[in-house]
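S.K.: Sequence plus the predicted model coming up.
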Amino acid sequence: MSFIITLLWAALWGYVCYKMAESRGRNTTTGAILGVIFGLFAVIGYAIAGKKEPEA
């Protein structure tokens, strides 16, 4: 049972990072993977990083 909860928790962080990356113009696949691996720390990283500057 705890394994299922851990997987759901990791999926939640992955989804949050995916949506944050999407709204900030960053790579969504990388965001989801970082969210699953690092969880809250990845969310904090995306919050600090902010939006991506447009390339000239």
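M.R.: It's in.

S.K.: Over to the residue nearest in space to the middle of the chain: give its phi and psi.
M.R.: The residue lying closest to the centre of the chain (CA atoms, centre = their mean) is residue 17, at 1.8 Å. The phi and psi values for residue 17, taken as degrees, to the nearest 10, are phi -70, psi -40.

S.K.: Could you say which helix or strand holds the closest residue to it other than its chain neighbours?
M.R.: In this structure, residue 17 finds its nearest non-sequential neighbour in residue 35, 2.9 Å apart by CB to CB, 6 or more residues apart in numbering. All C-beta spots, glycine's among them, are computed from the backbone N, C-alpha and C. Using DSSP states H and E, residue 35 sits in helix 28-38.

S.K.: and that helix, which residues are buried?
M.R.: 28, 31, 32, 34, 35, 36 (16 or more other CB atoms under 10 Å).

S.K.: quick revisit: contacts only, for the residue nearest to residue 17.
M.R.: With contact taken as CB atoms under 8 Å, 6 or more residues apart in numbering, residue 35 is in contact with 13, 14, 15, 16, 17, 18, 42, 43.

S.K.: Next: residue 13.
M.R.: Neighbour list for residue 13: 35, 36, 38, 39, 40, 42, 43 [criterion: CB under 8 Å, 6+ apart].

S.K.: any chance of these in a markdown table, with distance to residue 53 and pLDDT too?
M.R.: Listed next are the contacts of residue 13 as a markdown table, based on distance: CB to CB, whole Å; pLDDT from 0 to 100:
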| residue | distance to residue 53 | pLDDT |
| --- | --- | --- |
| 35 | 22 | 95 |
| 36 | 27 | 96 |
| 38 | 24 | 96 |
| 39 | 27 | 93 |
| 40 | 26 | 94 |
| 42 | 21 | 94 |
| 43 | 21 | 94 |
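
S.K.: can those go into CSV with extra columns for distance to residue 8?
M.R.: Below are the contacts of residue 13 laid out as CSV (distance: CB to CB, whole Å):
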residue, distance to residue 8
35, 13
36, 11
38, 17
39, 12
40, 15
42, 17
43, 16
